[in-house]
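**Q** I need the structure of the sequence given here:
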Amino acid sequence: MTDLSSLPPDLPVPTDDGAADHLGGVSVRGIELAGTHGAMSLVADTPWTVLYVYPRTGGPGIVLPDDWDLIPGARGCTPQSCSFRDHHDELAALGASVRGISAQPFSEQRAFAARMHIPFPLLNDHEMTLAEAPLSLPVYPELGLYKRLTMAISNGVIRKLWYPVFPPDRNAADVVAFLTEQAVSG
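**A** Modelled structure (predicted):
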């Protein structure tokens, strides 16, 4: 069985295909999805909202697509989510609420959140509505899953974007560094 909590050293590095270039400055107000904490808006009532979008988490009994580790940027959802979990208090102290978003089955998200003690909501977009305007999030079309990206949102507008995200287990620390810099310069 593959150890989903760590990353193999030989993962292919994703390249920036430009699929997220349009997102800077886009408003995400008024968008709501079902989540592990109930239906909620993408934007929290805090100075910052951090949305990290991930393809899918693995877990007991879940079969990942063939050659999952060979798809640039696909592997690492569990380490990324656990990193945001581990930095949760630090992000909250910086005025940020965290939300994860995936198109994987909602039952799998709920089981993952419980198993890994994820303290923030995981939002479900199994219909891939965020792949359409106004966000048009990048996808792996052959898999029906989102590509990994992270957005820092303030006042309902995307202020910072990480795409592609690699390595995914360091993404939360990168977000903490950005929000710390914003607090110092703010």
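**Q** Show me what whichever helix in the chain runs longest packs onto, helices and strands only.
**A** When the chain is parsed with DSSP state H, its longest helix is helix 171-185. The contact analysis (3 or more Cβ pairs under 8 Å, 6 or more residues apart in numbering; DSSP states H and E) places helix 171-185 against strand 48-53, helix 77-86, helix 88-93, strand 149-154, strand 157-162. To be clear about C-beta, it is placed using only N, CA and C from the backbone, and glycine gets the same treatment.
**Q** That one: which residues count as buried?
**A** The neighbour-count check on helix 171-185 (16 or more other Cβ atoms under 10 Å) flags 171, 172, 175, 176, 178, 179, 182 as buried.
**Q** Touching that helix from outside, list them.
**A** With contacts defined as Cβ atoms under 8 Å, 6 or more residues apart in numbering, helix 171-185 is touched by 48, 50, 52, 80, 83-84, 86-87, 90-91, 94-96, 150, 152, 160, 162, 165.
**Q** Now the residue nearest the centre of the chain. Nearest residue, chain neighbours left out?
**A** Of all residues in the chain, the one closest to the mean position by Cα atoms, centre = their mean is residue 52, 2.1 Å from it. Closest residue in space to residue 52, ignoring its immediate chain neighbours: residue 150 at 4.3 Å, by Cβ to Cβ, 6 or more residues apart in numbering.
**Q** What about the one you found, how many residues nearby?
**A** By other Cβ atoms under 10 Å, 24 other residues sit near residue 150.
**Q** what does residue 21 give?
**A** 11.
**Q** what's the answer for residue 120, then?
**A** Neighbours of residue 120 (other Cβ under 10 Å): 23.
**Q** so it, which of the three states?
**A** What DSSP: H, G, I helix; E, B strand; the rest coil gives for residue 120 is coil.
**Q** Residue 97 belongs to a helix?
**A** No. Applying three-state DSSP, one finds residue 97 to be strand, outside a helix.
**Q** any low-confidence regions in this structure?
**A** For the chain, applying pLDDT under 70 flags the ranges 1-3, 186.
**Q** go again using 80 as the cut-off
**A** 1-6, 66, 186 (pLDDT under 80).
**Q** tell me which residues in stretch 142-149 are buried?
**A** 145, 146, 147, 148, 149.
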